[in-house]
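**Q** Here you go, sequence then predicted model.
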Protein chains: 2
Amino acid sequence: MALRKDAQRNRERLVEAARAVFAERGLDVALDEIARRAGVSIGTLYNRFPTRAELVRAVFADRAETVVRITEHALGMADPWAGFVHFVEQVCRMLAADRGYNDLAARALPQATPQHARGHELMTRVVERAREAGALRADFTLSDMAFVIWAITRTVEATAGVEPDAWRRHLGFILDGLRAPAAHPLPVPPLTEDQVARVMRDC
Amino acid sequence: MALRKDAQRNRERLVEAARAVFAERGLDVALDEIARRAGVSIGTLYNRFPTRAELVRAVFADRAETVVRITEHALGMADPWAGFVHFVEQVCRMLAADRGYNDLAARALPQATPQHARGHELMTRVVERAREAGALRADFTLSDMAFVIWAITRTVEATAGVEPDAWRRHLGFILDGLRAPAAHPLPVPPLTEDQVARVMRDC
DNA sequence: CGGTAACCTGAGGGCACCGTCAACTTCCGG
DNA sequence: CCGGAAGTTGACGGTGCCCTCAGGTTACCG
């Protein structure tokens, strides 16, 4: 059962307005501001998206695909380390460009979506390829990517208004710690898949 | 003009209650919960601390001194790098132990206080000593400490409920990126003192 | 002991946001 | 063109927190 034509149009307007408002004000804006910006009543917003999470999911659905494209490009690069760096840099660029996406990543990381499985698999490949080439330190696991993203997320939050490129410096330090020759023994094992899932579930 | 005896007692109760509540629930708890926990009315809380920031300052005033002690201990260590690591580790331990302090560091870092000047000077010495010994990378500045703190802050926030020691692993990666031999050219200059100040002022 | 200034109290108005729903409007198939 | 299903509207009650202030209470000085 498809949506009626006007309902479909309103839905698109809402997503578009939400995209803009989330991007500039973050994920916690009042919903009625989004409705107003979409030229639609607050009731309609709740009709289409009974919960804030559903609206967020609709707005950022395409991001998962973007991440997939980034990983594919990374895997196409000759140098595995360069591919890894490209991947991380591009994802961080997305964070810096959109306060809403930054908020999202700070809480739930890539968020489970249809493409999530594919993105997860490709990310794994990017990481493993760099590790097996001996460029990425051997004790780095996929779940450690969370640390990288979280870290940049906070720096973006803090510095966006003062020096929007500061995260690049921060990422420079991080990457230098991930190269194989830099590795020193770590005091604690990585988070398990299960723990990562639980962290994300706790919103 | 000193406070009346009962007022002084209430003040202490409030700070004590706030310390506990901030620690377990973060800096954004409702103020009336603190008043209730202190066995005092909300009006009294506002009498003593007209603004939330003043209460926060009172609660965490002693932390500045703790940081000073940590730096002094760090400077007493024979190995400059070990001193630097000790300093960073201890500060991060404080973040992990207190959700309120973690929140505070995420926003304003050490917060300007009386001891701030001394703490700032000692921190500078810890950093410079490690750098001049050739252990800490040469392009690391004091303002880059913000990245370290911010990063851990976020990881603590995300993982405190699932794996309270996860930050130690994250810090391991970070420290490996700060050793001199790990250094690769950074794409962007450090934040200036002025920029750091502005970041902190924006709450 | 007063008497006064300092202090405490907690009900209440304000505000911002949430989420609902009965009445109204629009679409669309027949 | 019409009837009903689908969709829209926005006022409204609910919630949680903020902050104030008039009236009652307590400490302290002489």
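**A** Alright, I've got the coordinates. Residues are numbered from 1 along each chain as shown, chains lettered A, B, ... in the order given.
**Q** Export the helix or strand bottoming out on mean pLDDT in chain A to PDB, keeping only CA atoms.
**A** Least confident helix or strand of chain A, by mean pLDDT, DSSP states H and E, is helix A:193-201 with a mean of 90. Output in PDB follows, covering the C-alpha atoms of helix A:193-201 (Å, rounded to 0.1, in the frame of the first residue of the first chain):
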ATOM      1  CA  GLU A 193      31.400  -7.500  18.800                       C
ATOM      2  CA  ASP A 194      28.800  -8.100  21.500                       C
ATOM      3  CA  GLN A 195      30.000  -5.200  23.600                       C
ATOM      4  CA  VAL A 196      30.100  -2.900  20.600                       C
ATOM      5  CA  ALA A 197      26.500  -3.900  19.900                       C
ATOM      6  CA  ARG A 198      25.500  -3.200  23.500                       C
ATOM      7  CA  VAL A 199      27.200   0.200  23.500                       C
ATOM      8  CA  MET A 200      25.200   1.200  20.400                       C
ATOM      9  CA  ARG A 201      22.000  -0.200  21.700                       C
END
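**Q** For that helix, what is the distance to the chain centroid?
**A** Averaging C-alpha positions (Cα atoms, centre = their mean, to the nearest Å) puts helix A:193-201 16 Å from its chain's average.
**Q** So which residues of chain A form helices?
**A** A:5-25, A:31-38, A:42-48, A:52-76, A:80-97, A:99-108, A:116-132, A:145-159, A:166-178, A:193-201 (DSSP state H).
**Q** closest one to residue B:153 among those helices?
**A** Among those, helix A:145-159 comes nearest to residue B:153, with 6.1 Å by Cβ to Cβ. Using the backbone N, CA and C atoms, a C-beta is placed for each residue, glycine as well.
**Q** re earlier: and the least confident helix or strand of chain A, what does it pack onto?
**A** helix B:145-159 (3 or more Cβ pairs under 8 Å, 6 or more residues apart in numbering or on different chains; DSSP states H and E).
**Q** at 10 Å instead, please
**A** Under the contact definition 3 or more Cβ pairs under 10 Å, 6 or more residues apart in numbering or on different chains; DSSP states H and E, helix A:193-201 sits against helix A:99-108, helix A:145-159, helix B:145-159.
**Q** Please report how far residue A:63 lies from DNA strand D.
**A** Counting by Cβ to the nearest atom of the strand, to the nearest Å, the gap from residue A:63 to DNA strand D is 25 Å.
**Q** what about that residue, how many neighbours?
**A** 20 (other Cβ atoms under 10 Å in any protein chain shown).
**Q** Which part of chain A gets nearest to chain B, residue-wise?
**A** residue A:177 (2.7 Å; Cβ to the nearest Cβ).
**Q** quick one: that residue and residue B:176 touch, right?
**A** Yes. Judged on Cβ atoms under 10 Å, residue A:177 makes contact with residue B:176 at a distance of 4.1 Å.
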